[in-house]
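Undergrad: Need coordinates for the below:
(one chain, ligands or ions: 1)
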Amino acid sequence: MYNKGTNAHDLLEVGRMIKEYLEVPKIAEYDVLVAGGGVAGVAAALTASRAGCKTLLMEKSILLGGLATNGLINYIEPLCDGRGRKIIGGVCEELLRFSIKYGYDTVPGPWKDAAEGKRENINPELLTDSNRQNPPRYVTRFSPYIFAMSLTGFLKEHGTDLLFDTLACKPVMDQGACQGVIVENKSGRQYYKAKIVIDATGDSDLLYRAGVPTETTGNWFSFWGRVMDMESMEAALGDRKIEKGVRPFNIGSNLYGKGHPEGMKKLDGTDVRDITEYVIEGHRRTVELIQNDNRFERDIVMLPFMPQFRTTRRIIGDYELTEQDQYKHFDDSIGAICDFTKRDIVYEVPYRCLYNSKFSNLLTAGRSVSAAGWAWDVTRVIPPAILTGQAAGQAAAMAVKMSKDLTEIPIEQLQQALADTGVMIHF
Ligand SMILES: Cc1cc2nc3c(=O)[nH]c(=O)nc-3n(C[C@H](O)[C@H](O)[C@H](O)COP(=O)(O)OP(=O)(O)OC[C@H]3O[C@@H](n4cnc5c(N)ncnc54)[C@H](O)[C@@H]3O)c2cc1C
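TA: Numbering: from 1, shown residues only. All right, here's what the predicted structure looks like:
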C-alpha cells in the first residue's frame, strides 16, 4: 500500500515494515555539531566554541547537564589520586568550580583553595594526623538545577548555538563520512549539516545508527530522588546548610546491584520497553515508599527526568581501554583520569578511544567512549566524561581548522592545547 502522507512524508508499507521517504528542510551548516547536552556534550561544545568553531549543541530535554542534573547525580567524583594530588584539571576543574559558583558545595576543607583556584593541589596544612595518610578527595556535591541553568548562559556567552527539545535521530552518511544529522523537534524534521559530529548522547545513538560497532549492556535498577521532610528541614535549619533540606532516597540498587528488584532482568537503556519499565517501577515504588507517611509532613521534591542507567551503549573504537591499562603510558593520551573507588589508581585515556577510524568525522565523548569492563565504569563518571568531552571538542576544532580527518590531526598539538588549559596528559 502506498500512502501519500503530509507534504514531507511518503510511506510505503512492506510486510511488517514501513519504508519512509522524507523531504527534510536543511536548516543550517556548522563546523561542529554536538548531540547530547550532558556534561560531556557541554565540555565538547564549550571547547569547540572557544576554539572559534561555529558550534551547535542539541539536547533532547530542556536542561543541560544530563545525568548530572536531569538524572540528579549531583556529585562530582574525585579529580585527585587520593594522596592530595590533582589528576584532572582543564575544563573538568573549571566546570567543578562553575557547578558551585551560585549554589552550595561540599568540597572538603583541604581542597577549598584548589576549588577557588588559589592553589593547585590539596592544602597540607589543613590535614590532620588522622587523615594525612588518606586525605579527603577532591569532590563536591552541587545544586543540579542551579548548575544546569548556569550552563545555559555560559554556553550562550561562548557563542554556542543551542537547540533544546531536539532529538538527534539520524546521521546522514556518505560512506564513512557524516554529512550532517536529521533531528526531530516541535518544528518537525530538520537537517543540520556539519563538518564534524560529536555523539555525546551517552548511548552512542548517532554512531550506532551510522554503523559504528558498539557494545550494549544491561543495568541494575537505580532510582534516586529527593524528599523534603520535617527532619531534613530541621537539619538544614540547625546547621544553616540548605543542601540538608532535601534528602536523597533510592528505591533501587547500588552500584553493584544490591537492592535490584527480585525477578527483574537487567534493564537495557537502548530499549524503550525497558526504559518504560524503569519509569513505571520507579514511580510505583516511590509512591509505595511514602504512602503511609503524614502527607502534610513531607513531599517528593526531585525526581529523575532521565533513566539513571550507568552504562548503556558505547563504541568499539580504535583502542579499547581495560583495567589492565592502569598506569600505562599512551603516546596519544588525551589526559589522565583516576578510579573513583580506589586511591592511587590512574589511567591515561588514548585519543583512539574516542573514534573508530573507519568513520572519518565522527567522535564520541562521555560515558560511551571505548572502554571495556571496569574501565567503562572508570571512564563514565563525571570528571572523565568532561575530560573526553573537552578532548573531543578540541580535536574537532583542529580537524575543522586543518581540513583533516579526525585521525590525521597532529596528536602533539592536540595534547598541547589540552595541557594549556591544565589537563595532565601523562601522569
Ligand atoms: C545511578 C548513577 C549514579 C552515579 N553516580 C555518580 C557519582 O556519584 N559521581 C559521578 O561523577 N558520576 C556518577 N554517575 C555517572 C555520571 O553521572 C554519568 O556517567 C555522566 O554524568 C555521563 O555524562 P555524559 O555527558 O556522558 O552522558 P549523559 O549525562 O547521559 O548525557 C547525555 C545527554 O544527551 C541527551 N540525549 C540523549 N540522547 C539524545 C539524542 N538522541 N538527541 C539529543 N540529545 C540526546 C540526554 O538528554 C542527556 O542530556 C552515576 C550514574 C548513575 C546512573
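
Undergrad: Skipping adjacent residues, who's closest to the residue in the stretch 51-200 of the chain that the ligand sits nearest to in space?
TA: For the stretch 51-200 of the chain, the residue closest to the ligand is residue 66, as judged by Cβ to the nearest ligand atom, at 2.3 Å. (Each C-beta comes from the backbone N, C-alpha and C, glycine too.) Excluding the flanking residues, the one nearest residue 66 by Cβ to Cβ, 6 or more residues apart in numbering is residue 38, at 2.4 Å.

Undergrad: Please report the distance of the one you found from residue 63.
TA: The gap separating residue 38 from residue 63 is 10 Å, by Cβ to Cβ, to the nearest Å.

Undergrad: could you show me where the helices are in the stretch 251-400 of the chain, in order?
TA: Counting by DSSP state H, counting those that start in this stretch, the stretch 251-400 of the chain has these helices, from start to end: 272-290, 374-380, 382-402.

Undergrad: Pick the most deeply packed of the ones you listed.
TA: Greatest average neighbour count among the helices of the stretch 251-400 of the chain goes to helix 382-402 (a mean of 28), per mean count of other Cβ atoms under 10 Å.

Undergrad: Could you list the buried residues of whichever helix or strand comes after that one?
TA: Per DSSP states H and E, helix 382-402 leads on to helix 411-419 as the next helix or strand towards the C-terminus. By neighbour count on 16 or more other Cβ atoms under 10 Å, the buried set for helix 411-419 is 411, 414-415, 417-418.

Undergrad: Over to stretch 329-344?
TA: Buried positions in stretch 329-344, judged by neighbour count with 16+ other Cβ under 10 Å: 330, 332-340.

Undergrad: Among these, name the ones that also lie close to the ligand.
TA: Taking Cβ under 6 Å from any ligand atom as the test, the ligand is in contact with none of the buried residues of stretch 329-344.

Undergrad: closest to residue 125 among these?
TA: In terms of Cβ to Cβ, no member of the buried residues of stretch 329-344 lies closer to residue 125 than residue 338, at 23.4 Å.

Undergrad: Nearest residue to that closest one in space, please, no chain neighbours.
TA: residue 87 (4.9 Å).

Undergrad: who touches residue 113 in this structure?
TA: Listed by Cβ atoms under 8 Å, 6 or more residues apart in numbering, the contact set of residue 113 reads 119, 123.

Undergrad: Restricting to C-alpha, output the host helix or strand of it in CSV.
TA: Following DSSP H and E, the helix or strand that holds residue 113 is helix 112-115. The C-alpha trace of helix 112-115 is given here as CSV (Å, rounded to 0.1, in the frame of the first residue of the first chain):
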residue,chain,number,x,y,z
LYS,A,112,38.7,24.5,49.2
ASP,A,113,41.6,26.7,48.0
ALA,A,114,42.1,24.5,44.9
ALA,A,115,38.3,24.8,44.2
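
Undergrad: mean confidence score for it?
TA: Per-residue pLDDT over helix 112-115 has a mean of 96.

Undergrad: which element follows it toward the C-terminus?
TA: Downstream of helix 112-115, the first helix or strand assigned by DSSP H and E is strand 140-141.

Undergrad: Those residues of this protein touching the ligand, which are they?
TA: So the chain meets the ligand at 35-41, 58-61, 66-68, 73, 75-77, 167-168, 200-203, 205, 222, 306, 308-310, 366-367, 380-382, 385 (Cβ under 6 Å from any ligand atom).

Undergrad: what comes into contact with the host helix or strand of residue 148?
TA: Using DSSP H and E, residue 148 falls within helix 144-157. The set of residues external to helix 144-157 that reach it, using Cβ under 8 Å, 6+ apart, is 42, 45-46, 49, 57, 63-65, 68-70, 72, 74, 98-99, 101-103, 162, 302.

Undergrad: Stretch 292-302 now?
TA: So stretch 292-302 is in contact with 72, 144, 225-230, 246, 286, 290, going by Cβ under 8 Å, 6+ apart.

Undergrad: what is residue 20 paired to in the beta sheet?
TA: Beta-bridge pairing for residue 20 (DSSP bridges): residue 11.

Undergrad: For it, the count of nearby residues, please.
TA: Using other Cβ atoms under 10 Å, residue 20 has 10 neighbouring residues.

Undergrad: again, but for residue 224
TA: By the criterion of other Cβ under 10 Å, residue 224 has 18 neighbours.

Undergrad: Tell me which residues touch it, please.
TA: Residue 224 makes contact with 72-73, 248-250, 252, 304, 308, according to Cβ under 8 Å, 6+ apart.

Undergrad: from these, which ones fall inside strands?
TA: 248-250 (DSSP state E).
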